[in-house]
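Chemist: Have a look at this prediction, sequence included:
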Amino acid sequence: MALSEFTFKYVAQKSVKGQALADFLAHHPSAEMESMEEVEIGFVETMRNNFWTMHFDGSSTETLAGAGVTIESPEGEIFPFAFQLDFRCTNNQAEYKALIIGMEMLQEMGAQCVLVLGDSQLVINQLLKEFKCTSWSLLPYYALADQLVEAFDRISFVHVPRKENSDANEMAHLASGMHFQTTEASRIVKVSRRTMPALQDRGVPVEIFVVIVDLSDWRYPIIQFHNNPEGKHDRRTKYFAANYVLYKDQLYRKFANGLLLLCIGGPDALRVMREVHEGIYGAHQAGIKMRWLIRRHGYYWPTIMKDCTEFALGCQQCQIHGPHHRVPAHLLHPIVKPWPFRCWAMDIIVATDFFTKWVEAKPYTSIYGETVITFIKQEIVHWFGIPETILAERGSVFISEAVHIATSELVIQMTHSTPYYPKANGQAEASNKVVINVLKWMIDDKPRDWHNLLSETLWALRTSK
């Protein structure tokens, strides 16, 4: 308070910790420390030229384990070794075992100055005392490796990337993948390089497979490009050919999600469209739905959308039994449900889930309250669980006392449409219309056989959505 009239400002003293010592050493470096850093940095390159060099790696599989070691002498001679371990071990244990085997071999060769290179950060850093070995399964290996270090006058451990340790890695994988006989203790494997295929050396003729495609087919220029990429091709073919693959004499179209669709054309495309539109599981769908089904079954050609639309418009059965398009008098009011099979719309006797639009139907000769109860239990509850709500019209079979008792026992809320608007939101009626239209297309020959084709109709509807 006495100095408040002056311009002095009090600043609290910051704590002095290790940063002060670090700042002091940075401003006053020691000449001895600089010389030590230069020696350590240049040590690795010096050892590569004047010392023994050893690469090690380990490999462990479900059945076997192997150790790979490559030793390079100061004169530049390289000695690769592969050892199969006859006991179960982890990958880190196999790495330690490879290191121990290599150090023992160097000790037998009389090496005194050694540079050890490996791609295992755990093993290298534990021997450099940067990591602490806390695993009980690795402690015996670590202790033995640390003991072998004392046998050399000078030894250094350096971590290298896997690509620089490829020779030892190949030896380890070779040992872990080779199966010995019971009486075998070792095996000599000779690997040689061939500059020509073996068939040409022996004079055996090579059979060449050629994909035969009509010259007017859209696939012909693309197949020609893949058979001879260096030939003369137009710019458009070169651009689009990158999206296709020629595999086992078949042309496939590649997509961004990694799928391959078989490319077809001509009579094959017409046969596929006919099967999808009016085949055993065809529901006489429109062109867009036909294209979706064809690609779902693994087929492709460039004009698939145009061809499917023209085929659907030219279907005679669709023209005869097709629905008349009418604009509704007012906007529809959709009912949205949060999860599947929570609410069903029922009519005589078709049930539709509001969420997934899954349709269940069953033919009956006559409809009673007991029939409705049996349908709810067998076709809805036993397959999809107990729903929360069932919406039905005010028919006598739906408002009967037996139906209300059965739904109350199952804790199902039975809701009915109002007399003012008996069709509710039209979900059940829409499903009825679709089922009836598909049945019309399928029962031209035998109209009285509709009940036997109902299951095929439902199958077509379910697989085409």
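Modeler: Sure, I can see it. Numbers count the residues shown, from 1 in each chain.
Chemist: what's the closest non-adjacent residue to M103?
Modeler: Sequence neighbours aside, L148 is the residue nearest to M103 in space, at 4.5 Å (criterion: C-beta to C-beta, 6 or more residues apart in numbering). All C-beta spots, glycine's among them, are computed from the backbone N, C-alpha and C.
Chemist: Could you do L261 as well?
Modeler: Y300 (3.8 Å).
Chemist: quick one, phi psi at the one you found?
Modeler: For Y300, the backbone dihedrals are phi -160, psi 140 (criterion: degrees, to the nearest 10).
Chemist: Test my guess that it contacts L262.
Modeler: Yes. At 6.9 Å, Y300 counts as touching L262 under the criterion of C-beta atoms under 8 Å.
Chemist: Neighbour count for the two, which is higher?
Modeler: Set Y300 next to L262 and count neighbours by other C-beta atoms under 10 Å: Y300 wins out with 21 against 16.
Chemist: how much space between that one and K254?
Modeler: Separation of Y300 from K254 (C-beta to C-beta, to the nearest Å): 10 Å.
Chemist: how far is stretch 99-118 from where the chain is centred?
Modeler: 44 Å (C-alpha atoms, centre = their mean, to the nearest Å).
Chemist: Give me the residues contacting it.
Modeler: 44, 47-48, 50-57, 67, 69, 71, 81, 83, 95, 123-124, 141, 144-145, 148-149, 151-160, 164-165, 168 (C-beta atoms under 8 Å, 6 or more residues apart in numbering).
Chemist: Any of the residues you listed buried? List them.
Modeler: Buried subset of these (neighbour count, 16 or more other C-beta atoms under 10 Å): 47, 51-57, 67, 69, 71, 81, 83, 95, 123-124, 141, 145, 148, 152, 155-157, 159, 165, 168.
Chemist: Quick check: helices, which of the residues you listed are part of them?
Modeler: Among these, the members found in helices (DSSP state H) are M47, E95, V123, I124, Y141, A145, L148, A168.
Chemist: Just give me the closest of the residues you listed to H382.
Modeler: E95 (57.7 Å; C-beta to C-beta).
Chemist: and the gap between the closest residue to the closest one other than its chain neighbours and G118?
Modeler: Among residues not flanking E95 along the chain, G58 sits closest, at 3.9 Å (C-beta to C-beta, 6+ apart). Remark: distance between G58 and G118 (C-beta to C-beta) = 9 Å.
Chemist: go on, L144?
Modeler: Counting by C-beta to C-beta, the gap from L144 to G118 is 16 Å.
Chemist: Below-threshold pLDDT in this protein: ranges please.
Modeler: Within the chain, the stretches with pLDDT under 70 are 1-50, 180-215, 281, 322-339, 346-348, 418-426, 445, 464-465.
Chemist: wouldn't D444 be in contact with E278 here?
Modeler: No. Between D444 and E278 there is no contact, the gap being 11.2 Å when judged by C-beta under 8 Å.
Chemist: So which of the two has more stuff around it?
Modeler: Counted by other C-beta under 10 Å, D444 and E278 do not tie: E278 has more neighbours, with 19 against 10.
Chemist: For the closest residue to the more buried one other than its chain neighbours, identify the helix or strand it belongs to.
Modeler: Residue nearest to E278 in three dimensions, not counting chain neighbours: H284, with 6.3 Å by C-beta to C-beta, 6+ apart. Remark: H284 resides in no helix or strand, with elements defined by DSSP states H and E.
Chemist: on that earlier part again, ok, what's across the strand from the residue nearest to L261?
Modeler: On the basis of DSSP bridges, Y300 is bridged to C263.
Chemist: Now do the contacts for it.
Modeler: Counting by C-beta under 8 Å, 6+ apart, Y300 has contacts R253, L261, L262, C263, I264, I294.
Chemist: tally of neighbours for the last one?
Modeler: In this case it means I294. 24.
Chemist: these two touch, right, it and R271?
Modeler: No. The criterion here is C-beta under 8 Å, and I294 misses it with R271 at 11.2 Å.
Chemist: how long is stretch 280-296 from one end to the other?
Modeler: Terminal residues of stretch 280-296 lie 17 Å apart, using C-alpha to C-alpha, to the nearest Å.
Chemist: Stretch 141-155 now?
Modeler: End-to-end for stretch 141-155, by C-alpha to C-alpha: 18 Å.
Chemist: would TSV of the contacts of Y300 with distance to E230 be doable?
Modeler: TSV is the format used below for the contacts of Y300 (distance: C-beta to C-beta, whole Å):
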residue	distance to E230
R253	23
L261	27
L262	27
C263	23
I264	28
I294	34
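Chemist: Let me know the closest of those residues to Q224.
Modeler: Among the contacts of Y300, and counting by C-beta to C-beta, the member closest to Q224 is C263, at 14.0 Å.
Chemist: Return the residues in contact with V123.
Modeler: N92, E95, Y96, L99.
Chemist: Quick one: neighbours of the third one, just the number.
Modeler: For Y96, the tally of surrounding residues (other C-beta under 10 Å) stands at 27.
Chemist: and if you look at the one 3 residues further on?
Modeler: Number of residues near L99 (other C-beta under 10 Å) recorded here: 27.
Chemist: The one 3 residues further on now?
Modeler: Burial of G102, expressed as a neighbour count using other C-beta under 10 Å, amounts to 26.
Chemist: can you tell me how far it sits from T237?
Modeler: G102 is 56 Å from T237, by C-beta to C-beta.
Chemist: try R274
Modeler: For R274, the distance to T237 - C-beta to C-beta - is 30 Å.
Chemist: residues near the nearest residue to V158 once chain neighbours are set aside, how many?
Modeler: Spatial nearest neighbour of V158, chain neighbours left out: L117 (5.3 Å); criterion: C-beta to C-beta, 6+ apart. For L117, the neighbour count with other C-beta under 10 Å is 22.
Chemist: Over to L117: give its phi and psi.
Modeler: Torsion angles at L117 (phi, psi; degrees, to the nearest 10) stand at phi -120, psi 130.
Chemist: does it have beta-bridge partners, and which?
Modeler: Beta-bridge partners of L117, as defined by DSSP bridges: H55, V158.
Chemist: burial of F131, as a residue count?
Modeler: Neighbour number of F131 under other C-beta under 10 Å is 13.
Chemist: surely it meets Y142?
Modeler: No. With contacts counted by C-beta under 8 Å, F131 stays clear of Y142, the gap being 10.0 Å.
Chemist: Would you mark the buried spots in stretch 276-293?
Modeler: Neighbour counts using 16+ other C-beta under 10 Å place V276, H277, E278, G282, A283, H284, Q285, G287, K289, M290, R291, L293 of stretch 276-293 among the buried residues.
Chemist: Output the contacting helices and strands for the helix or strand containing M290.
Modeler: When secondary structure is defined by DSSP H and E, M290 falls within helix 287-296. With contacts taken as 3 or more C-beta pairs under 8 Å, 6 or more residues apart in numbering; DSSP states H and E, helix 287-296 sits against helix 267-278, helix 304-313.
Chemist: Show residues contacting the shortest one.
Modeler: Which is helix 304-313. Here helix 304-313 makes contact (C-beta under 8 Å, 6+ apart) with 269, 273-274, 277, 284-288, 290-291, 294-295, 301, 318.
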